[in-house]
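Q: Curious how this folds, go ahead:
(2 chains)
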Amino acid sequence: MKFPRLLRLALLLLPLAGALLLGGCHRDALPFKLTNISGHMPDLQFRLTDDNGKAVDAGDYRGKVLLLYFGYTHCPDVCPLTLAQLHAVLQKLGKQADDTRILFVSVDPSRDTPAVLHAYVNAFDKRAVGLTGSPRAIEALVKRYRASFTREPGGKDGNYEVSHSSAIYVFDRDGHARVLSTPGTPQGDLVHDLGLLLGAGASA
Amino acid sequence: MSRPALALLLAGLLCAGLAHAGAPVHVTASHAWIRVLPGGLPAGAYVVLRNDGDRAISLTGASSPAYGEAMLHESSRAGGMSRMTMVDALAIPAHGTQALQPGGYHLMLMDAKHPVQPGDTVRVVLRFGNGGTLPVDFKARPASAPGDQG
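A: Residues are numbered from 1 along each chain as shown, chains lettered A, B, ... in the order given. Reported below is the predicted structural model:
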């Protein structure tokens, strides 16, 4: 009666093995601390121009864990604060953060040329990329992530201000949207979740 | 009106004018710094103001010899959006403090007359509601400076 007992044990373990297997490939399996948006936001997709003036699309950043943020360079307070915080987060991750990219998408393309963006993003972190493009291409990306921006008249000299979404969208190495970080959340949560995504390696 | 009386009146008016321009400001500033951005982009300036007076006083503006324009602004977040609005007056309570800090109240410095480099000291003159002024030296810090640094 030795064989049936083994069989019974195997039958008992089968669902467990199955669960483990499913867990292994299911995207929701990582114990994120931030708002989990896996499966609720579309994969990263865009056609823009990077801060070196090169035409790029989402495929150019496959293999990297991405932090997408909408902003503009004539924003002296919140955008620099956010980028400085992202720089601090990447510093905390150490060497493994070399596999991340901050994608700073300008919602003010008329003033944010690739050259302006280049100087701007590099003042914060060498892993930051400035992206600009046609108003239509930028709007498409903004809408894709249910973000928004509006232009508001500012001071004199034809200056204007832009209000914009404050969230940071995090994508895994395959371009899948995974977590959403908002300005109020503790920095440690983002460090934690990026660590999970970087540790997960290049899946699929 | 006699000549001496006229002179006295003029002197009195002059004194009143002077007193107004130099109204006492019982405010001290600390942790004053500027986040310098490349290419002459507008910069945010931050400072902690302490009012040792018995009356609340309000910050109404600023100017700097190093910048063409300085404006008092507030960043705010609502419904997942970040926006900046102009502020006419920011009250500093009697025997209290009010901080201008990243993500909140700040001075927006525009049109730098010469490139400002991290490490530079920049003089900014703060203007108050009672007509008084306070010159403060701000330390220029790099773009990536953490927000809580003083």
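Q: Per-residue pLDDT of B:G147, please?
A: With respect to pLDDT, B:G147 scores 70.
Q: How about residue 124: what's its closest non-neighbour residue?
A: Picking chain A for this. A:L83 (4.2 Å; Cβ to Cβ, 6 or more residues apart in numbering or on different chains). Where C-beta positions appear, they are placed from N, C-alpha and C, glycine not excepted.
Q: Chain B is the one I meant
A: Counting by Cβ to Cβ, 6+ apart, B:V124 lies nearest to B:S64, which is 4.5 Å off, once chain neighbours are set aside.
Q: still on that earlier bit, am I right that the residue nearest to A:F124 sits in a strand?
A: No. Using DSSP: H, G, I helix; E, B strand; the rest coil, the assignment for A:L83 is helix, not a strand.
Q: Identify the residues contacting it.
A: A:Y69, A:G71, A:I102, A:F104, A:V121, A:F124, A:D125, A:A128, B:A143, B:S144 (Cβ atoms under 8 Å, 6 or more residues apart in numbering or on different chains).
Q: Just the residues you listed: which are in helices?
A: Here DSSP state H is the test, and these give A:V121 as lying in helices.
Q: ok, which residues in chain A are in contact with chain B?
A: Proximity of chain A to chain B is confined to A:73-78, A:80-81, A:83-85, A:87-88, A:116, A:119-120, A:122-125, A:148, A:152, A:154-155, A:159, A:161, A:163-167, A:182-183 under the rule Cβ under 8 Å from any Cβ of the partner chain.
Q: Out of these, list just those in strands.
A: Counted as lying in strands by DSSP state E, out of the residues of chain A next to chain B, are A:E152, A:E161, A:S163, A:H164, A:S165.
Q: Can you tell me which of those residues is closest to chain B?
A: Nearest to chain B, judged by Cβ to the nearest Cβ, of these is A:S163 at 3.5 Å.
Q: per-residue confidence for that closest one?
A: A:S163 carries a pLDDT score of 80 in this model.
Q: Residues in a beta bridge with it, which ones?
A: Beta bridges link A:S163 to A:T150, judged by DSSP bridges.
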